[in-house]
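Student: quick one: sequence plus predicted model below, questions after.
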Amino acid sequence: MNKAQKLVQMVELVRRAGGVRADELSSRFDLDARSLRRYLADLREIGVPLVDEGRSEQRVISVEPRWRRTGVQLSLAEVLSLHFGRTLFTFLDGTTFVQDMDDAIERLEPAISRTHAELSRELDRKFVAVPEHAKSYTGETSEVIDDLVTALVFNNPVEVRYTKAAGTSSHYRLEPYTLAIYRQGLYVFARDARADQVKTFAVERITEIARVWNDKFVVPADWDPRAHLATAFGIIPGDPEEVRLAFSPDVRTYVRERLWHASQELRQLPDGWLELTLQVAVNVELVNWIHSFGPDARVLGPPHLVERVRADLVRTMARYADAG
């Protein structure tokens with residue numbers, strides 16, 4: 001049995017007339033004295049009014065006579081949503097995020113009705129989140145996350161060493177505003193104190209962090225992470241431009257089915273291609289997405305984006321030519 005199942009059965013036992021001996025609880029659930037104290041503390045924390053009387057073999061655990069177990073029962077839809085939501089965060093395995101989430105779900109399990117309890121044990125086979133190419137947050141990165149979240153909650157600045165994708169490393173004093181999840185990765189929107197600008201930092205590239213616990217910053221009243229990302233084609237904002245793309249008949253249905261950006265407009269072209277217009281920042285995220293369609297995507301504008309994509313393709317062709 002897991003912890004939640006043990007707690008449910010313990011409640012039933014202590015409600016018996018006359019209660020239950022502490023040594024019986026320890027034996028039945030394979031708990032040492034310390035674990036038993038922790039389990040009893042958990043029951044008290046969720047509102048079970050325990051009565052603990054006697055010592056050693058005569059120690060008896062019971063509940064106040066007038067108490068009846070009450071509380072919220074989770075519906076089947078809520079159980080399914082809770083479980084499926086947990087599967088979306090498998091990329092955070094090994095961090096305190098997932099440990100705390102699992103503990104919270106375990107403590108909620110007693111709220112699952114007996115009718116649905118058996119069904120809930122089969123959910124891992126009925127619902128699955130297919131993992132993307134996730135980043136790893138184990139080891140030292142997990143400790144970075146802990147410090148970063150603490151600084152985020154208490155509005156403490158942090159001194160960090162950050163290594164960019166190209167390999168260059170720099171020191172920053174950051175004021176973390178928001179922690180964001182994007183494509184199985186964690187990013188922090190933080191004000192770079194020296195540049196006086198909110199920037200995006202990938203958490204796994206923070207190699208050193210020190211929370212300035214005796215200092216605090218004030219998050220601007222008008223800060224809105226969604227507005228910050230309004231021009232981004234992903235996680236990196238910038239000055240928006242009108243981007244026009246055309247997609248071949250082979251992929252136009254796929255393109256039409258998805259909302260790529262809030263600003264998008266679609267128009268069917270006479271030659272069968274589909275035109276997509278966006279008001280977004282032109283950066284590596286957008287360029288890489290265009291390349292992912294290969295010959296089924298064509299850039300119509302702006303001119304500098306046409307040239308950038310064309311130059312990438314020329315370099316790619318040259319590398320294949322060099323390889324024979």
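Tutor: Yep, it's here. Predicted model, so just to flag it, every value in this text is computed and none were measured. Numbers count the residues shown, from 1 in each chain.

Student: what about the longest strand in this protein?
Tutor: strand 169-181 (DSSP state E).

Student: burial measure for residue 14, as a count.
Tutor: If you count neighbours by other CB atoms under 10 Å, residue 14 ends up with 20. Heads up, the C-betas are built off the backbone N, CA and C, glycines and all.

Student: quick one: contacts for it?
Tutor: For residue 14, the contacting residues are 20, 43, 48, 50, 61, 62, 63, by CB atoms under 8 Å, 6 or more residues apart in numbering.

Student: which residue, neighbours along the chain excluded, lies closest to the first one?
Tutor: In other words, residue 20. residue 13 (4.4 Å; CB to CB, 6 or more residues apart in numbering).

Student: now the host helix or strand of the one you found - C-alpha only, PDB.
Tutor: Per DSSP states H and E: residue 13 is located in helix 3-14. In PDB, the C-alpha atoms belonging to helix 3-14 read as follows (Å, rounded to 0.1, in the frame of the first residue of the first chain):
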ATOM      1  CA  LYS A   3       0.900   6.200   2.100                       C
ATOM      2  CA  ALA A   4      -2.500   7.500   1.100                       C
ATOM      3  CA  GLN A   5      -4.000   4.000   1.300                       C
ATOM      4  CA  LYS A   6      -2.500   3.400   4.700                       C
ATOM      5  CA  LEU A   7      -3.900   6.700   6.000                       C
ATOM      6  CA  VAL A   8      -7.400   5.700   4.800                       C
ATOM      7  CA  GLN A   9      -7.200   2.400   6.600                       C
ATOM      8  CA  MET A  10      -5.800   4.000   9.700                       C
ATOM      9  CA  VAL A  11      -8.800   6.300   9.900                       C
ATOM     10  CA  GLU A  12     -11.100   3.400   9.700                       C
ATOM     11  CA  LEU A  13      -9.200   1.600  12.500                       C
ATOM     12  CA  VAL A  14      -9.000   4.500  14.900                       C
END
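
Student: for it, the distance to its chain's centre please.
Tutor: Chain-centre distance of helix 3-14: 31 Å, with CA atoms, centre = their mean, to the nearest Å.

Student: same question for stretch 88-97.
Tutor: Computed by CA atoms, centre = their mean, the chain-centroid distance of stretch 88-97 equals 7 Å.
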